[in-house]
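Novice: what's the 3D shape of this:
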Amino acid sequence: MSRATGRAVRQGAPLKTGDSENKMPAKFLLVDDEEDYINTLSERLELRGLGADVVHDGAGALSYLARHEPDVVVLDIRMPGMDGIEVLRQIKRDHPTVEVVMATGHGSAVEEKLARQLGAFAYFGKPVDIAELSATMKEASAARRRQGQG
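Specialist: The predicted model follows:
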């Protein structure tokens, strides 16, 4: 639990604990209020070589992005407080090259259309297919890195 925010931040393999000034941020950030789900997803992605940091709400995601800039954020839509659509809007405004993959168990065609208009790289319903999600995360990361070269 972060003392500054009171929010849990689980650090994936790319972040080494103890050396707070010289941490290498993860290329991926997972954001979901369902802690068991997102921790299990993080572990399954880690087995595929996709280490990710985890936060459990929209405000925590924006706080993380103020300090680190991952290539890809996997973002739930329905969360208490700030919802994923608003988080997506703010990410794209403040960090336009960060790719965002939306994942929701309660989505609609209207929300998917809005997310894509706001710049979401992809949109998944839950439960996600881990192979499809990991492939999409790799594609999104590659797309972001290409933007940086252009």
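
Novice: all contacts plus neighbour counts: C-alpha atoms, from now on.
Specialist: OK.

Novice: in the protein, which ranges drop under the pLDDT threshold?
Specialist: Counting by pLDDT under 70, the chain contains low-confidence ranges at 1-26, 149-150.

Novice: element containing residue 62, please.
Specialist: Using DSSP states H and E, residue 62 sits within helix 58-67.

Novice: which other residues reach that helix?
Specialist: With contact meaning Cα atoms under 8 Å, 6 or more residues apart in numbering, helix 58-67 is reached by 5, 7, 31, 55, 79, 81, 82, 83, 84, 87, 90, 91.

Novice: now, which of the residues you listed lie within strands?
Specialist: Using DSSP state E, 31, 55 are the members of the contacts of helix 58-67 that sit in strands.

Novice: scan the contacts of helix 58-67 and report the most crowded one.
Specialist: In terms of neighbour count, residue 31 stands highest of the contacts of helix 58-67 at 28 neighbours, by other Cα atoms under 10 Å.

Novice: re the thing from before, in TSV: the contacts of helix 58-67, plus distance to residue 130.
Specialist: Shown next, in TSV, are the contacts of helix 58-67 (distance: Cα to Cα, whole Å):
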residue	distance to residue 130
5	30
7	26
31	16
55	19
79	21
81	27
82	26
83	23
84	20
87	23
90	27
91	24
